[in-house]
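Chemist: Okay, sequence plus prediction incoming.
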Amino acid sequence: MLAQDRFNSLHAIRGIAAIVVLTSHLVLAIPGIDLLVWADPNATRHFTWRWENVITYSPLHIFWSGHEAVLVFFILSGFVLTLAILKARDSFANYAAKRIVRIWMPFAVALLLAIIASKALFVQPIGDGYSEWLQHTPPGAISIKSVVGHLLMTGLTQHMTLSPIMWSLVHEIRISIAMPFIVWGVLKFPKAMVTLSLVLLVPGAIWPEAFSLTASSLTQSLLQTSIYIPIFVGGAFLAVYRDTLKTAIAKYPTVIVALMWAMGILLLEARWIIYDGLLFSHISSGVGAGLIILMAFASPGSSRFLDKPPLIWLGDISYPLYLTHFTVLIAVAKIGTLIGAPVWIVLPMVLAVSLLVADIFRRMVDSPVQNLNKMFSTKPRTA
């Protein structure tokens, strides 16, 4: 049955999304790209034949759409957690403990690695050959208070300097703990959950700061979390109605499947090729991410295409890669500056080293944490 397999195709999508997050930071490390994307208010933010605009304001952006890849992660989490909740007999306390262990423990180890790397290379700056964004990203002095704030996942700006990618983990750990209630709502009151999802988008409609990746207060951080809840709700709906959706999609001819993939990518990339409105792009990208996940598990041809060993391996290292790649980027860029290596050599090295570190992290940290998590597991429900 669909609910009993591992969904290798979705595991592959998770791995692809992790690589896209990595490539987004590699591209942003190139001088000028950061100015085009957000830092220069006078930049030409639409398609032109300048190479920077070609890779940014066209479908090519799919290869380095870091934020959009995170929305794919969120849809996936909503989907997979819903399946787990439907199968298990966990108490809420058991479920919450498993989620905290799964997300927080590898994060804490990755944070320790970031602190060690920061201390070891503190005095070494990143050279002028890299973007201003990357040069200014390494944190300053590290205090105990700051480390504690990071570990508590407050979402505050000063508590994400060591690990800028942790903004998504802040929202994921909060929402994933609430997933049993979301799944209950989708099962019992589906129309009400759709309405609630629309209501939760209101902060984004009236308050642009809701889309910021950092927060100046806990209230702001919680409001930011609220706009991502509908993404998880979408994943829950896909999981609950998975059999019906799979039956329907399996009947579609190849050309319709291809068009649906194209539509999913177009919606996912709407911010870059249609209209850069905060709420519009958030909704369109969320719908696009959901459509991509739908096609990945419901289309037999798509599932077979994605079920390849290299992509499954990327799925296996996806969380370690997400956690560690930014530390690798900073460290290798600093070492590259120290030895005078050109950027065009350093950035491919970052890619290779990131994959290596992620695989080691998976073996030494992530897999043991998953085994530890089994201590909290209960027997699945039987039909």
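Modeler: Thanks, I have it.

Chemist: worst-scoring helix or strand of the chain, pLDDT-wise?
Modeler: Across the helices and strands of the chain, mean confidence by mean pLDDT, DSSP states H and E is lowest for helix 202-206: a mean of 88.

Chemist: Distance from the chain centre to it, please.
Modeler: 22 Å (C-alpha atoms, centre = their mean, to the nearest Å).

Chemist: who does that helix touch, helix- and strand-wise?
Modeler: helix 278-298 (3 or more C-beta pairs under 8 Å, 6 or more residues apart in numbering; DSSP states H and E). (Each C-beta comes from the backbone N, C-alpha and C, glycine too.)

Chemist: tell me which residues in the helix it packs on are buried?
Modeler: Of all the residues in helix 278-298, those buried under the rule 16 or more other C-beta atoms under 10 Å are 278-279, 281-298.

Chemist: Run through who's touching the next helix or strand along the chain from it.
Modeler: As assigned by DSSP states H and E, the chain's next helix or strand after helix 278-298 is helix 300-306. Applying C-beta atoms under 8 Å, 6 or more residues apart in numbering, the external contacts of helix 300-306 come out as 8-9, 12-13, 250, 254, 257, 261, 295-297.

Chemist: Please repeat the previous calculation with a cut-off of 6 Å.
Modeler: For helix 300-306, contacts defined as C-beta atoms under 6 Å, 6 or more residues apart in numbering pick out 9, 12, 250, 295-296.

Chemist: Could you tell me the average pLDDT over it, please?
Modeler: Averaged across helix 300-306, pLDDT comes to 95.

Chemist: how about it as PDB, C-alpha atoms only?
Modeler: Listed next in PDB are the C-alpha coordinates belonging to helix 300-306 (Å, rounded to 0.1, in the frame of the first residue of the first chain):
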ATOM      1  CA  PRO A 300       4.100   6.400 -11.800                       C
ATOM      2  CA  GLY A 301       6.500   7.600 -14.400                       C
ATOM      3  CA  SER A 302       7.700  10.500 -12.200                       C
ATOM      4  CA  SER A 303       8.200   8.100  -9.300                       C
ATOM      5  CA  ARG A 304      10.300   5.700 -11.400                       C
ATOM      6  CA  PHE A 305      12.400   8.600 -12.800                       C
ATOM      7  CA  LEU A 306      13.200   9.900  -9.300                       C
END
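
Chemist: Contacts for whichever helix or strand comes after that helix next, please.
Modeler: Remark: after helix 300-306, the chain's next helix or strand is helix 309-316, criterion DSSP H and E. Contact with helix 309-316 is made by 8, 11-12, 14-15, as judged by C-beta under 6 Å, 6+ apart.

Chemist: CA atoms of helix 309-316 as CSV?
Modeler: In CSV, the C-alpha atoms belonging to helix 309-316 read as follows (Å, rounded to 0.1, in the frame of the first residue of the first chain):
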residue,chain,number,x,y,z
PRO,A,309,20.4,5.5,-6.2
PRO,A,310,22.3,8.9,-6.5
LEU,A,311,19.1,10.8,-5.7
ILE,A,312,18.2,8.5,-2.8
TRP,A,313,21.6,9.1,-1.4
LEU,A,314,21.1,12.8,-1.6
GLY,A,315,17.9,12.3,0.3
ASP,A,316,19.8,10.3,2.9
